[in-house]
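Chemist: here are the coordinates; sequence isn't available:
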């Protein structure tokens, strides 16, 4: 009987058998599999357009493991001299507007005329909902199979700032890999549009006919950001309503002050599912790039975006540094209560907290 | 002859005459005049509704002399328990819309029904233009003479944050002095509307008929903030255009999402110069206060405003602390150039500057 009686099952110790597999070869295999390519190798492969290397590098950039930070930095720096040569297009619209179907049609049109298309997403909520955007790739069947297209779901992250940073860095890698058309998708609610608007050259807003702004949940500011409004699902019984919506949006757009790009945003109809109106949208984008390159707005905007992200990153850091500790959170709550009780003012409270 | 020949006029030294005035009494008088009342005295007089004390205290609050900071703080703290009992109304509109005339009519209506009205202004540009707002008090002839009205031009200051802080603190003093209706005026261009919107209960936008939004220079966001749009100068030949504008603004307002106050902003016509439509505007404001008090939005908004100012003040301080030194400005410029030359990213540059 075995000494150790922790189990009801007792059996005699048999004769030890040799392992049926060669453990030393497994170890060798594992070590090869786990041996990550160096930053140098990844950069070299990315520059050759290797999508596996690109995917791996993006995973390193998105990693929250501090051990990866240095490698991520090296990869970005290696790709940087080869970046900045694409057209970056932001696409937004509320759920149900048909973003995935539109990107499928639009992206396929681009690859059919010889473009290389990368589709990224900014969706800070996707860490909770496990990827609401680009999650359903079944709607992008053709594009997924397209060798000239690269689709990558949104980085997950706690903060919009973090997600946006990773997307911006991913753009650099995609550009270095030779993608000349970068599509950045986001949902048309909340603050992520502002982030996306600050990283793209052209901002496309997808709309539906028939639904008022309040129903579509689109913030007015987003209309103001748009360089083009495309009313999707303009087909069949929807067509008439879409045409009316076009007139209304056109009128609304003319109420806005002239943009510093000197570009007058237009409203177009399209039906992504029927592949109608897609080419006209691409023509608008080309026209925009042409005009803003001529009047130097294109480069000016990119410089301003860079400055924006630089300042934003610093400010985010300063704020989280100040507010994100237990002691400060308690003190802040206490001061807010004192203000509510008319015992201090917001300014006196701020002075107090800053002196802590 | 006089030794000192620096002048062509020569005369003999006469016999010294005694001073024709008693210099010691002048000194005594001067010392009394210069003897500033204590914070305690000022508070006590403010609580009695003494407008001279109120004016003096505001001057101390607006003072940039660090010696006055402690006294200012003491005065604010003394007034605080007696504050927060007024209705705070923000009024904006581009130059030419008739703000001064409107405030004259509106304020006079309020005092005629027993209200005590304080008129303040937020205009950060006034330090340059030497008071573009409320500078021309000739347009408020009646209100200036009204013993139940107190008019104070905008504090001057380098930053909107500074001016806004002083105005918020001035509100406290005015409320302690018994003013139950505080009007805060600002010009309808730039960022000062957001600041004013964050310190008032009700936001009134003055408009003119006939001029498009782009001509009126009003940012769309300001329309979104408005709890009421009043189309001024709706008289004579203007009346027809004003009525058309009313329909247009009403349509525009309905495009916005429902406000969390559950208040549906309206569009009214008025003619400040003919004193028409003023009462209806006041009725709207009373209705708003009633409804938002009932649904607790009124107090909730004030609490949010306090929190906003607290956080804003801290963030402003953190930023200026970081960016406002020569060394950092040089380093920032250098990093921006490196970004433009594709030699670094905004994020790497931010990391570098934060480590400096």
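Modeler: Cool, the structure landed. Everything quoted here is computed from the prediction, not taken from an experiment.

Chemist: May I have the distance across stretch A:92-99, first residue to last?
Modeler: End-to-end distance for stretch A:92-99, by C-alpha to C-alpha, to the nearest Å: 7 Å.

Chemist: Buried residues in it, which are they?
Modeler: A:92, A:93, A:94, A:97, A:98, A:99 (16 or more other C-beta atoms under 10 Å in any protein chain shown). C-beta here means a position set from N, CA and C on the backbone, and glycine is covered the same way.

Chemist: One more: stretch A:156-165?
Modeler: A:156, A:157, A:160, A:161, A:162, A:163, A:164, A:165.

Chemist: What is the helix or strand hosting the fourth one packed up against?
Modeler: In other words, residue A:161. Using DSSP states H and E, residue A:161 maps to helix A:160-176. Contact partners of helix A:160-176 among helices and strands, from 3 or more C-beta pairs under 8 Å, 6 or more residues apart in numbering or on different chains; DSSP states H and E: helix A:39-47, helix A:51-62, helix A:69-79, strand A:117-121, strand A:181-187, helix A:192-197, helix A:297-323, helix B:346-355.

Chemist: Which of the buried residues of stretch A:92-99 sits closest to residue B:242?
Modeler: Using C-beta to C-beta, residue A:94 comes nearest to residue B:242 of these, at 36.0 Å.

Chemist: how close does that closest one get to chain B?
Modeler: 12 Å (C-beta to the nearest C-beta, to the nearest Å).

Chemist: Does that residue touch residue A:187 like I think?
Modeler: Yes. Assessed by C-beta atoms under 8 Å, residue A:94 is found in contact with residue A:187 at 6.8 Å.

Chemist: doesn't residue A:205 fall inside a strand?
Modeler: Yes. Counting by DSSP: H, G, I helix; E, B strand; the rest coil, residue A:205 is part of a strand.

Chemist: show me the contacts for it.
Modeler: The contact partners of residue A:205, by C-beta atoms under 8 Å, 6 or more residues apart in numbering or on different chains, come to A:92, A:93, A:188, A:218, A:222, A:223, A:225, A:226, A:228, A:229, A:230.

Chemist: and the last one, what element?
Modeler: Spelled out, it's residue A:230. For residue A:230, the element it lies in under DSSP H and E is strand A:228-232.

Chemist: if we can go back for a sec, now do the helix holding residue A:161, average pLDDT.
Modeler: Averaged across helix A:160-176, pLDDT comes to 91.

Chemist: Get me the contact residues on the stretch 51-200 of chain A for chain B.
Modeler: Residues of the stretch 51-200 of chain A lying close to chain B by C-beta under 8 Å from any C-beta of the partner chain are A:73, A:76, A:77, A:80, A:81, A:83, A:84, A:165, A:168, A:169, A:172.

Chemist: Could you measure from the last one over to residue A:183?
Modeler: Put plainly, it is residue A:172. To residue A:183, residue A:172 is 16 Å away according to C-beta to C-beta, to the nearest Å.

Chemist: Between the two, tell me which one has more neighbours.
Modeler: Between residue A:172 and residue A:183, counted using other C-beta atoms under 10 Å in any protein chain shown, the more crowded position is residue A:183 (25 against 22).

Chemist: Report how many residues lie close to the closest residue to that one other than its chain neighbours.
Modeler: In space, and not counting its chain neighbours, residue A:183 is closest to residue A:119: 4.7 Å by C-beta to C-beta, 6 or more residues apart in numbering or on different chains. Around residue A:119 there are 27 other residues, counting by other C-beta under 10 Å.

Chemist: Kindly report the same for residue A:290.
Modeler: Using other C-beta under 10 Å, residue A:290 is surrounded by 11 other residues.

Chemist: Please apply the same query to residue A:141.
Modeler: Neighbour count for residue A:141, taken as other C-beta under 10 Å: 11.

Chemist: would it count as being in a strand?
Modeler: No. Residue A:141 is assigned helix when assessed by three-state DSSP, not a strand.

Chemist: Which parts of chain A belong to which domain?
Modeler: The record's domain split for chain A, according to automatic domain parsing, is A:37-82, A:84-295, A:310-355.

Chemist: Minimum distance to residue B:61: which of the ones you listed has it?
Modeler: It is, among the domains of chain A and with distance given as C-beta to C-beta, domain A:310-355, at 10.5 Å.

Chemist: Straight-line length of that closest one, end to end?
Modeler: End to end - C-alpha to C-alpha - domain A:310-355 spans 27 Å.

Chemist: try stretch A:193-205
Modeler: One end of stretch A:193-205 to the other measures 10 Å (C-alpha to C-alpha).

Chemist: average pLDDT across it?
Modeler: 92.

Chemist: is the strand holding residue A:230 up against chain B anywhere?
Modeler: No. Using C-beta under 8 Å from any C-beta, strand A:228-232 never reaches chain B; the gap is at least 14.1 Å.

Chemist: That strand pairs with which strands, parallel or anti?
Modeler: strand A:202-208 (parallel), strand A:266-269 (parallel) (DSSP bridges).

Chemist: In a markdown table: those, plus distance to residue A:234.
Modeler: Shown next, in a markdown table, are the strands paired with strand A:228-232 (distance: least, C-beta to C-beta, whole Å):
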| stretch | distance to residue A:234 |
| --- | --- |
| strand A:202-208 | 9 |
| strand A:266-269 | 4 |
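
Chemist: Show me where chain A dips below the pLDDT cut-off.
Modeler: A:1-21, A:26, A:28-34, A:124-139, A:158, A:188-190, A:210-220 (pLDDT under 70).

Chemist: Identify the residue nearest residue A:336 in space, chain neighbours excluded?
Modeler: Nearest non-adjacent residue to residue A:336, counting by C-beta to C-beta, 6+ apart: residue B:307, 6.0 Å away.

Chemist: Out of the residues of the stretch 51-200 of chain A next to chain B, which comes closest to residue A:283?
Modeler: When those are ranked by distance to residue A:283 (C-beta to C-beta), residue A:84 comes first, at 23.7 Å.

Chemist: pretty sure that closest one is touching residue A:175, no?
Modeler: Yes. Counting by C-beta under 8 Å, residue A:84 sits close enough to residue A:175 to count as a contact (6.4 Å).

Chemist: Please identify which of the two sits among more neighbours.
Modeler: Shown here are residue A:84 and residue A:175; by other C-beta under 10 Å, residue A:175 has more neighbours (22 against 14).

Chemist: if I look at the more buried one, how far off is chain B?
Modeler: Going from residue A:175 to chain B by C-beta to the nearest C-beta gives 11 Å.

Chemist: what sits against the closest residue in space to residue A:310 that isn't next to it in sequence?
Modeler: Leaving aside its chain neighbours, residue A:310 sits nearest to residue B:346 (4.0 Å; criterion: C-beta to C-beta, 6+ apart). By C-beta under 8 Å, 6+ apart, the residues touching residue B:346 are A:168, A:306, A:307, A:308, A:309, A:310, A:313, B:339.
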